[in-house]
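J.: This is a predicted model, with the sequence first.
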Amino acid sequence: MVERSDRAPLLDWEEIPSAEKLSGATYGKDRLGSPSNSRASSGCTAPGFGWSTSPGGPNPSRSVSDADDSSAPAATSSTPTGSDDALHLETEEHLSDLGVREVSLEDRMVKWEEKDQIVSVFVVTFNTRSGNMLEWCLPKDMDLEGVEFKAIASGSHRVTTDFIYFRKSCYFGLACFANMAVESAVERGARMKSVGILSPSYTLLYRYMSFLEHQVRLQLQSPGHYSPLEAFYEDKRALLPSGGDGVVTACPAHAWGAALNHSMHPEMKITHPAGCMSQFIRFFGEQIMVLWKLALLRKRILIFSPPPVGVVCYRVYCCCCLANISIPGVGMAVPEFRPFFYVNVADISALENELSYVACTTEKIFEEKKDLYDVYVDNQNVKTYREGLKPLLRLSTADRDKYRKLTEQRQMLLYSQEENGDCGSSEEDLFILFFLEQNNRIFQTLSEVAGSPDPTLTQETVRAMGLDPHGDRLFLLHLLEIYGYDTLLLSDLLCCS
């Protein structure tokens with residue numbers, strides 16, 4: 001019989017109650033989706049991979065939904081003094097739009113989506129002679145080749161604690177790393193380990209952040225004590241289909257009807273008191289408008305930053321949120337904007353085959369691999385070596401106007417929260433909805449013009465999309481090509497600036 005955790009019973013392994021305990025009135029809180037474009041005509045892409053969508057998005061005129069002010073326990077990470085990155089991400093929540101008649105379908109959707117999907121648990125250690133090593137894992141026959149270099153990122157010896165999101169084949173992983181000083185000549189004064197899990201979707205991994213943090217501390221203090229991890233795996237392991245293709249059974253088709261209109265925007269449950277999106281805005285400033293365009297064009301974006309890795313993984317997620325679209329049928333033939341999260345040199349072959357992605361790394365050598373990415377982000381410096389994309393790195397007048405409006409809306413929200421105690425809306429809702437509505441505005445206008453007797457884009461229609469007729473002309477040309485609006489014509493008035 002497997003021994004249970006020394007710390008707490010199995011039910012305490014999750015940071016929030018399981019979905020089955022949530023009532024229909026509260027469904028929507030603590031729920032996760034993942035950033036991607038909507039695929040309304042076919043429901044959505046395979047949920048097992050974490051690319052869930054919400055095609056029935058908000059009407060642009062509706063207000064930001066209510067948000068709960070509770071937050072999950074924060075993860076820890078070492079950062080330089082004075083850095084915003086030292087903060088951990090605040091819980092983002094919102095309420096469902098579903099009506100009473102959809103509750104039964106909704107309940108079925110929750111039970112399917114919230115079930116445990118842990119396919120592996122492992123411990124990685126740093127050995128002074130052999131380097132990173134897989135110390136222990138369940139199941140024993142799981143292919144975890146290379147996970148030792150994902151769970152302990154390059155340069156992690158410089159930080160005390162960290163957490164890392166990553167991809168391993170068709171799975172996503174979350175690992176918590178810790179570095180403890182020891183009086184041992186063999187270990188050269190430091191013991192470094194990481195405890196992690198794998199799942200077919202990244203959207204529920206946050207549930208086990210606190211558990212993993214506790215377990216890595218336990219492994220540092222009492223190496224080889226695996227019974228809590230064994231009990232955890234037995235309780236949480238996913239039931240994979242007999243086909244052996246490594247994909248968790250997809251959501252029943254009848255349940256997607258309830259899911260489509262469930263959320264105003266996808267989200268990733270994270271713990272950071274300052275908020276993931278607001279920190280993202282402060283870090284990049286006006287440059288987020290450049291990242292927005294590149295994300296919408298489905299470019300390959302690689303973010304470099306030294307450890308800690310956790311906050312950079314959140315930047316990967318935020319970049320994906322910039323490209324949300326909720327108009328049915330838009331972007332059906334466009335590559336998914338996939339988050340790879342942390343990557344290292346072992347991922348080079350996988351990245352070579354990707355048409356669109358966003359990832360982060362601590363390895364500077366990636367900058368030399370110019371064929372692997374379209375855009376390289378070194379801290380706040382966004383750059384590209386592709387001549388055709390360089391003009392897109394310049395801010396247009398419309399970009400600065402949009403950023404000013406976003407800043408003003410954020411200040412108004414903060415003022416309302418301070419003066420009126422308004423906790424019903426969050427910066428995260430504001431951020432995601434701002435870009436979702438901007439994207440919907442663009443594609444709604446393009447669709448209307450494409451269906452009109454005169455399918456010509458004029459200066460007026462371009463301005464109606466919130467774009468600059470001159471400064472955004474190249475961006476618009478790329479957009480028309482990528483999303484298949486090849487029947488649209490550009491007015492002669494839309495000349496280069």
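T.: Alright, I've got the coordinates.
J.: can you give me the strands in this structure?
T.: Taking DSSP state E as the criterion, the chain carries its strands at 27-30, 120-127, 131-138, 161-168, 171-181, 190-199, 300-304, 338-342, 357-361, 375-378, 381-383, 456-457, 489-490.
J.: So for Gln417, which of those sits nearest?
T.: Closest approach to Gln417 among those is made by strand 27-30 (19.1 Å; Cβ to Cβ). Yep, even glycine has a C-beta here, placed from its N, CA and C like the rest.
J.: ok, back up a step: want to throw the strands of the chain into CSV with mean neighbour count, mean pLDDT and distance to Phe435?
T.: Formatted as CSV, the strands of the chain follow (neighbours: other Cβ atoms under 10 Å; pLDDT from 0 to 100; distance: least, Cβ to Cβ, whole Å):
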stretch, mean neighbour count, mean pLDDT, distance to Phe435
strand 27-30, 21, 34, 21
strand 120-127, 22, 95, 35
strand 131-138, 17, 95, 38
strand 161-168, 25, 95, 21
strand 171-181, 24, 93, 23
strand 190-199, 24, 94, 27
strand 300-304, 22, 97, 15
strand 338-342, 25, 92, 16
strand 357-361, 27, 97, 14
strand 375-378, 20, 97, 17
strand 381-383, 13, 95, 17
strand 456-457, 20, 90, 21
strand 489-490, 14, 74, 24
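J.: Can you tell me which of those is nearest to Ile327?
T.: Nearest to Ile327, of these and by Cβ to Cβ, is strand 456-457 at 17.5 Å.
J.: neighbouring strands for the closest one, and are they parallel or not?
T.: Here strand 456-457 has these sheet partners by DSSP bridges: strand 489-490 (parallel).
J.: For stretch 461-479, measure first residue to last.
T.: End-to-end distance of stretch 461-479 (Cα to Cα, to the nearest Å): 15 Å.
J.: what residues does it touch?
T.: Here stretch 461-479 makes contact (Cβ atoms under 8 Å, 6 or more residues apart in numbering) with 293, 296-297, 391-392, 394-399, 402, 438, 441-442, 445-446, 449, 457, 459, 485, 490, 493-497.
J.: would you list the strands of the chain in a markdown table and tack on distance to Met289?
T.: As requested, the strands of the chain are exported to a markdown table (distance: least, Cβ to Cβ, whole Å):
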| stretch | distance to Met289 |
| --- | --- |
| strand 27-30 | 30 |
| strand 120-127 | 39 |
| strand 131-138 | 39 |
| strand 161-168 | 25 |
| strand 171-181 | 29 |
| strand 190-199 | 33 |
| strand 300-304 | 14 |
| strand 338-342 | 20 |
| strand 357-361 | 16 |
| strand 375-378 | 14 |
| strand 381-383 | 10 |
| strand 456-457 | 21 |
| strand 489-490 | 22 |
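J.: circling back to that earlier point, mind checking which of the contacts of stretch 461-479 are buried?
T.: 293, 296-297, 392, 395-396, 398-399, 402, 438, 441-442, 445-446, 449, 457, 485, 490, 494 (16 or more other Cβ atoms under 10 Å).
J.: so where's the stretch 51-200 of the chain shaky on pLDDT?
T.: Residues of the stretch 51-200 of the chain meeting the criterion pLDDT under 70: 51-116.
J.: Let's see that with 80 instead.
T.: Applying pLDDT under 80 to the stretch 51-200 of the chain flags the ranges 51-116, 183-189.
J.: try the stretch 201-350 of the chain
T.: Across the stretch 201-350 of the chain, residues meeting the criterion (pLDDT under 80) sit at 238-276.
J.: one more time with 50, if that's ok
T.: Scanning the stretch 201-350 of the chain for pLDDT under 50 picks out the ranges 242-274.
J.: And the helices in it?
T.: Remark: helices assigned in the stretch 201-350 of the chain by DSSP state H, counting those that start in this stretch are 209-221, 227-236, 253-260, 276-284, 287-296, 310-321, 348-352.
J.: Ok, which of those helices comes nearest Thr203?
T.: Of the helices of the stretch 201-350 of the chain, nearest to Thr203 by Cβ to Cβ is helix 310-321, at 10.2 Å.
J.: the inter-axis angle of the closest one versus helix 287-296?
T.: Helix 310-321 runs at 60 degrees relative to helix 287-296, counting by axes from the mean of the first three to the mean of the last three Cα atoms, to 10 degrees.
J.: Which neighbouring elements make contact with helix 310-321?
T.: strand 161-168, helix 276-284, helix 287-296, strand 300-304, strand 338-342, strand 357-361, helix 427-450 (3 or more Cβ pairs under 8 Å, 6 or more residues apart in numbering; DSSP states H and E).
J.: Just send the ones you listed back as CSV, with distance to Lys150 too.
T.: Shown next, in CSV, are the helices and strands packed on helix 310-321 (distance: least, Cβ to Cβ, whole Å):
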stretch, distance to Lys150
strand 161-168, 4
helix 276-284, 21
helix 287-296, 24
strand 300-304, 16
strand 338-342, 6
strand 357-361, 11
helix 427-450, 27
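J.: Does Thr161 touch Phe177 like I think?
T.: Yes - counting by Cβ atoms under 8 Å, Phe177 is a contact partner of Thr161 at 6.6 Å.
J.: tell me, what's touching the two both at once?
T.: Here Thr161 and Phe177 share no contacting residue, scored by Cβ under 8 Å, 6+ apart.
J.: Let me see the contact set for the closest residue to Glu183 other than its chain neighbours.
T.: Using Cβ to Cβ, 6 or more residues apart in numbering and skipping residues adjacent in sequence, the residue nearest Glu183 is Gly189, 7.4 Å away. For Gly189, the contacting residues are 181-183, by Cβ under 8 Å, 6+ apart.
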